[in-house]
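In: Got a sequence here, can you model it:
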Amino acid sequence: MPAGDFRHVITIQQPIAIRDSYGAQSKAFTTFCSTRAQYLPVTGREMFTREMVAEQVECRFKIRYRDGIDSSFQVIFKGGTYQLMYDPIDVDGTKSEAILYCKKVN
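Out: Presented below is the predicted three-dimensional model:
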């Protein structure tokens, strides 16, 4: 895995439960780690939703393998937020690289 392939920096965030001043529980995100990644766009397609056009961007990030990441996490990349679509995929079973399939959220 050439180091030059991992030229982008991403921030991986994990969800946490918080309570507001009224005691209601909601979800927020906190930084799990910042790491170098390879950004690979998969598709960009538009879907028609109730007379509106909603854009769905799917991409994947290849990172060095890291334990503890699951599909509830999100990625921050160039100011955009990407939700993990699946648990990370261990590329070759050796826990050296992982692929994160993501979709952009607003």
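
In: Please make it C-alpha for all contacts and neighbour counts, starting now.
Out: Fine.

In: Using the three-state scheme, assign Thr11.
Out: Using DSSP: H, G, I helix; E, B strand; the rest coil, the structure places Thr11 in strand.

In: Test of understanding: give the bridge partners of it.
Out: Thr11 forms beta bridges with Ser34, Ile76, as assigned by DSSP bridges.

In: Over to Phe61?
Out: When bridges are called by DSSP bridges, Phe61 pairs up with Tyr39, Leu100.

In: What about it, how many residues nearby?
Out: By other Cα atoms under 10 Å, the residues close to Phe61 number 22.

In: what about the closest residue to Tyr65 other than its chain neighbours, how many neighbours?
Out: Nearest residue to Tyr65 in three dimensions, chain neighbours excluded: Glu97, at 4.5 Å (Cα to Cα, 6 or more residues apart in numbering). When neighbours are defined as other Cα under 10 Å, Glu97 has 17 of them.

In: thought Glu97 was touching Asp90?
Out: Yes. Counting by Cα atoms under 8 Å, Glu97 does reach Asp90; the two are 6.1 Å apart.

In: where do the contact lists of these two overlap?
Out: Residues touching both Glu97 and Asp90 by Cα atoms under 8 Å, 6 or more residues apart in numbering: Tyr65.

In: tally of neighbours for Asp92?
Out: Neighbour number of Asp92 under other Cα under 10 Å is 9.

In: start the count at 34, not 1, going forward
Out: Right, with 34 as the first residue, what we last looked at is Asp125.

In: And what about it, helix, strand or coil?
Out: Three-state assignment for Asp125 (three-state DSSP): coil.

In: what's near enough to touch Phe110?
Out: Val42, Ile43, Thr44.

In: can you check Val108 too?
Out: Neighbours of Val108 in contact, by Cα under 8 Å, 6+ apart: Ile43, Thr44, Ile45, Gln46, Thr114, Tyr115, Gln116, Leu117.

In: hey, what's the fifth one bridged with?
Out: With beta bridges defined as DSSP bridges, Thr114 has these partners: Ile109, Val138.
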